[in-house]
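Q: Sequence and predicted structure below; questions after.
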Amino acid sequence: MYPAVLVPVTPSRESVRVNSENPPGAGNQQERPGIEQWIVGFVDGEGCFSISVVRNPSCRLGWQVQHEFSVTQAASSRGALELLREEFGCGRLIENTRTDNHRENLLRFSVKRRSDLMGVVLPFFEEHPLRTAKQLDFERFAAILRNMQTGAHLTEAGLRWIARETEAMNRRQRSRYLESSEAIRQPAHVR
């Protein structure tokens, strides 16, 4: 129970002591979450932290690690995604034309630049943790990005570790890297 509050009573303006269910300083307003908690809820429901290991012959090992934080909505919800872009101060909105039976295109807020992920997205979700199982995906995402900062993705052992971590994220699909003949033929000490 919160402390009693003195409230003026009209018309004589005498004060009487009443008990308040609101925390001190809340006045008569309902407790409302700030924008940070709205973002957490929105991302818990609609966001994705993804890491992919894709073939890229121009990379030293022939494979590239791609990373993205995204939130997808119908194009009519553009305002919500623009608010995310404004609050994070990075990323972009990408419109995807739908080819299924839906009439409305999809819009995706996407952050791919590693410096933005490391400097903005990770600190935000470390300060304001997600509340669903998506928190585990975020933790793996953050660990992979931090290891990439030290060059883990530039070694076969590091690339293999990243590929294994991605298998536990999101849709839990087998990594193409781990299924590739190049990765399978690696000596046991590299795995």
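A: That came through fine. Numbering: from 1, shown residues only.
Q: quick one: the strands in the protein?
A: 4-9, 14-19, 47-55, 63-74, 92-96, 106-111 (DSSP state E).
Q: for those, which one sits closest to Q149?
A: Ranking the strands of the chain by proximity to Q149 (C-beta to C-beta) places strand 63-74 first, at 11.5 Å. Just so you know, the C-beta spots here come from the backbone N, C-alpha and C atoms, and that holds for glycine as well.
Q: residues in contact with that closest one?
A: 42-43, 46-56, 80-81, 84, 91, 102, 104-112, 114, 117, 121, 141, 144-145, 148, 153, 159, 162, 177 (C-beta atoms under 8 Å, 6 or more residues apart in numbering).
Q: Then stretch 86-94?
A: By C-beta under 8 Å, 6+ apart, the residues outside stretch 86-94 that reach it are 35, 39, 69, 78, 81-82, 84-85, 107-111, 113, 116, 120-121, 124.
Q: could I get it in PDB with only the CA atoms?
A: Extracted in PDB, the C-alpha atoms of stretch 86-94 (Å, rounded to 0.1, in the frame of the first residue of the first chain):
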ATOM      1  CA  GLU A  86      13.200   7.300 -35.600                       C
ATOM      2  CA  GLU A  87      13.800   5.900 -32.100                       C
ATOM      3  CA  PHE A  88      16.800   3.800 -33.100                       C
ATOM      4  CA  GLY A  89      18.200   6.500 -35.400                       C
ATOM      5  CA  CYS A  90      19.400   3.900 -38.000                       C
ATOM      6  CA  GLY A  91      18.100   1.300 -40.300                       C
ATOM      7  CA  ARG A  92      15.800   1.600 -43.300                       C
ATOM      8  CA  LEU A  93      12.300   0.700 -44.500                       C
ATOM      9  CA  ILE A  94      12.100  -1.800 -47.300                       C
END
